[in-house]
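Engineer: the sequence and its predicted three-dimensional model are supplied below.
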Amino acid sequence: MPSTIVTEEIELIHSGKGPGGGDSSGDGGNGGDGDGGRGDSSGATRVPQRAYVTGMFIALAGILMFFMAFVSAYIVRKDMPNSAWIPLQGPRILWLNTLVLIASSLTLGRAHNRFKAQDEEGFRHWWATTTFLGILFVAGQIIAWRQLAAQGIFLASNPSSSFFYVFTGAHGLHLLGGILALLYVQFRATRKVARGTAIEVVSMYWHFMDGLWVFLFLLLYLGR
Amino acid sequence: MSSHAHTGGSTVHAPIAEPSGFIRKYIFSVDHKVIGIQYFLLALTAVVIGIVLSLLMRFHLVWPNATLPFVSGGQMSQEQYLALVTMHGTIMVFFVLTTAPQGGFGNYFLPIQIGAPDMAFPRLNMLSFWVTFLAFVCIIAAFVVPGGAPISGWTGYTPLSGLGEITGPGEGWGQTLWILSISLFCLASLLGALNFIATTIDLRAPGMSLMRLPLTVWGWFVTAILGLLAFGVLLAGGILLLLDRSAGTSFFIPAGLVVNDQLQAHSGGSPLLWQHLFWFFGHPEVYIAILPGMGVASHVLSTFARKPVYGYRAMAYAICAIGFLGFMVWGHHMFVSGMSPYSGFAFSVLTMSIGVPSAIKTFNWLGTLWGGKIQFKTPMLFALGFVSLFVSGGLSGLFLAQPAVDNMLHATYYVVAHFHLVMGVAAIFGIFAATYFWFPKMFGRMMNEPLGKIHFWFTFVGAYCIFMPMHFIGIAGGIRRYADASAVGFLAHLQPVHEFMTIAAFITGAAQLFFLCNFFYSLKFGPKASKNPWNATTLEWDTDSPPPIDNFGGHYPSVYRGPYEFSVPGAVDDFIPQWQEPAQVARVK
């Protein structure tokens, strides 16, 4: 269906004079699945699906900068003279949580593969497993907070604990957003976004949050 | 794809249904054009407030003991002056210089200029406007909460901003609202930036390659990238500052701090850490304010000189270079913070290297004008004014970029003069150029030319009368943010200069009424604008004025050439639009 558009666009680009026509030769190239955008009879959806993938890449760049600001503050604050820094002994359940989150990325990859293989049953199974593991991770993080609180370590107790709560809190909120997205894809039909695109975009986000947590975890342990 | 048809190089689509009902159409609209106008009107409201605040400051500097009707106790206190400084800076930088060029004109014209029906994510676009609006409500609310507006400046330096009411009136509720407002603004700008970047990458019309983008689009695109990478950092800083204030953490508050004879219960935080986080955002923010103006200046200069932009590629690369270097120079705001001389040297060299792409832009603007058949319409005058102010304000930057010189000039009026010319007034001139240039497209009517020219000359001469003498006060040692300089012995003899600047400020402020009258009068009574009143070449002039809901009325343009094909040898007309097919261009036989 969209192949006609692709050739037309490429022709147009080549017929125009001037340099740089190749920049947009990818237009329509990867919009293969469900690119109902232009010319859709409803007229409501005219955004190519790749824009959602681009958008997620951009969003992740912004989120990365947000967390890197915390990370650089952590590094600076820790090494201040008279920083009053007491290294934080993180609860041991964090190791378990980390393993759970890494496992969730693996099950998510499995779900994505099942979807590509058009195995709806398998997809739903592994997708739900991922959601479950995600919720398990957040629950584990809350247990970690409660364990610290039981030891009398709160947000304002020490700079190290302040950063611990900021890192885990900010990451946890982002992960909750990811869980909502997982649930949405599981139970609701997306209107503008093709299902394959939604799955791809949510997967990008989830893997990123997984990698980010592993980084923050190593920072909190090795850099304490 | 049944309704897909192909006629003469453009694609025909089913029309987008226009939303019915006032609220969906004008309030919670997802149409980028409505959102653009909403941003513009928000900025217009903000700029009026910002100008009033600055006039109050100028008044107080010259007549510190005057009795004012709306001030409790009659005379303005020093803290109230600082509140004016803070609110003027915050409102102007965030809600005018960031909101109007990017949120306003960027939103309206970026999709049209690349031939797209809307932004990539229209609902996200609506969300980002309404979060910005909420941020504006927060900052205005700071005027009326107990204690009044914050006093820690638009930079919100810690520890002043981190301790609460004990550090002064306005540092309680007012400062909290300030942080909340800025954080919301960051969030909104991140969403906006995401939309701009995705739209520019994925929604360009067939044939619209990167090197055929109008320079305005380059300006908005690079600005969006800066916003994406910078606003998250300020958001993080804002969250930490809020925790310091309300949760008792010590990210920014040092140990052993005594305020009003009270020892503060904080330990080992770093006030400089806030400065680093703030300026890592703050310097790119300067370019967020000015890059769209540069794009508009290039666009307008080329259109009214009837010549292609000189060195288009160099202009596009220079925008990218300025954006890139903008992230590496934040330390020059902190030369006197006790930073290592080695870091200072590095920041200094990097800062001065921004002079290279800036000079490329300046000389290419002059090259664009050289030998052109210049039409001195109002937008052209403001674009020329932009170049003038950018050069005047930019040159003093070369002095400030050197740590040894900056030691003397830091926190004096020299700095105030520098950034007001190069970032404040220049960016405002960019906004004015854009307003006069695109008003016919946005509202379907022409603005009044004579009124526009009067407005230009008053504003142009006025801006120089306000900010040029300011350099001398700075060199003489006049410290910024002092509420009453006449009480300082070595500054007392500079009072006449302050008086001159204040009078100039009031005249220039009053001259803005020419603009407001012109704007609102033309909105209703201006002569009808044709599709392409300036004989311009980019895609926004291919559609009706104002454009229909889907921008091009069911057909989508294709692009055949670069954006600035003016006075092409051999062509009959002195402009060849981007959308015109090569076969249809009339040639001299």
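Structural biologist: That came through fine.

Engineer: what distance do you get for residue B:511 to residue B:453?
Structural biologist: Here the criterion is Cβ to Cβ, to the nearest Å. By it, residue B:511 lies 12 Å from residue B:453. Backbone N, C-alpha and C define where each C-beta goes, glycine included.

Engineer: those two: who's more crowded?
Structural biologist: More neighbours surround residue B:511 than the other of residue B:511 and residue B:453, with 18 against 15 (other Cβ atoms under 10 Å in any protein chain shown).

Engineer: neighbours around residue 123, how many?
Structural biologist: If you meant another chain, say so; for now it's chain A. 22.

Engineer: that answer is for a different chain, and I need it for chain B
Structural biologist: 12.

Engineer: next one: residue B:259
Structural biologist: 14.

Engineer: give me every residue that touches it.
Structural biologist: B:159, B:163, B:166-167 (Cβ atoms under 8 Å, 6 or more residues apart in numbering or on different chains).

Engineer: out of these, who has the most neighbours?
Structural biologist: residue B:163 (23 neighbours).

Engineer: list the residues that contact it.
Structural biologist: With Cβ under 8 Å, 6+ apart, residue B:163 has these contacts: B:171, B:245, B:253, B:257, B:259, B:264.

Engineer: and the residue nearest to the spatial centre of chain B, how far from residue B:197?
Structural biologist: Residue closest to the average C-alpha location in chain B (Cα atoms, centre = their mean): residue B:97, at 2.5 Å. Using Cβ to Cβ, one obtains 20 Å as the distance from residue B:97 to residue B:197.

Engineer: sec struct for whatever residue of the stretch 451-589 of chain B ends up closest to chain A, please.
Structural biologist: Taking Cβ to the nearest Cβ as the measure, the point where the stretch 451-589 of chain B comes nearest chain A is residue B:560, at 4.3 Å. Here residue B:560 takes the coil state, with states given by DSSP: H, G, I helix; E, B strand; the rest coil.

Engineer: so it sits against residue B:584, correct?
Structural biologist: No: contact between residue B:560 and residue B:584 fails when scored by Cβ atoms under 8 Å: they sit 9.5 Å apart.

Engineer: tell me which of the two has more neighbours.
Structural biologist: residue B:560 (27 against 12).

Engineer: least confident secondary structure element in chain B?
Structural biologist: strand B:5-7 (a mean of 38; mean pLDDT, DSSP states H and E).

Engineer: er, chain A actually
Structural biologist: helix A:3-15 (a mean of 36).

Engineer: sort out which residues of the following helix or strand past that one are buried, please.
Structural biologist: Later in the chain than helix A:3-15, the nearest helix or strand by DSSP states H and E is helix A:50-78. For helix A:50-78, a neighbour-count test (16 or more other Cβ atoms under 10 Å in any protein chain shown) marks A:50-63, A:65-67, A:69-74, A:76-77 as buried.

Engineer: give me the subset of those touching chain B.
Structural biologist: Among those, proximity to chain B is found for A:50-51, A:54-55, A:58-59, A:61-63, A:65-67, A:69-70, A:72-73, A:76-77 (Cβ under 8 Å from any Cβ of the partner chain).

Engineer: can you give me the buried ones in the longest helix belonging to chain A?
Structural biologist: When chain A is parsed with DSSP state H, its longest helix is helix A:120-150. Going by neighbour count (16+ other Cβ under 10 Å), the buried part of helix A:120-150 is A:123, A:126-127, A:129-131, A:133-138, A:140-141, A:144-145, A:148.
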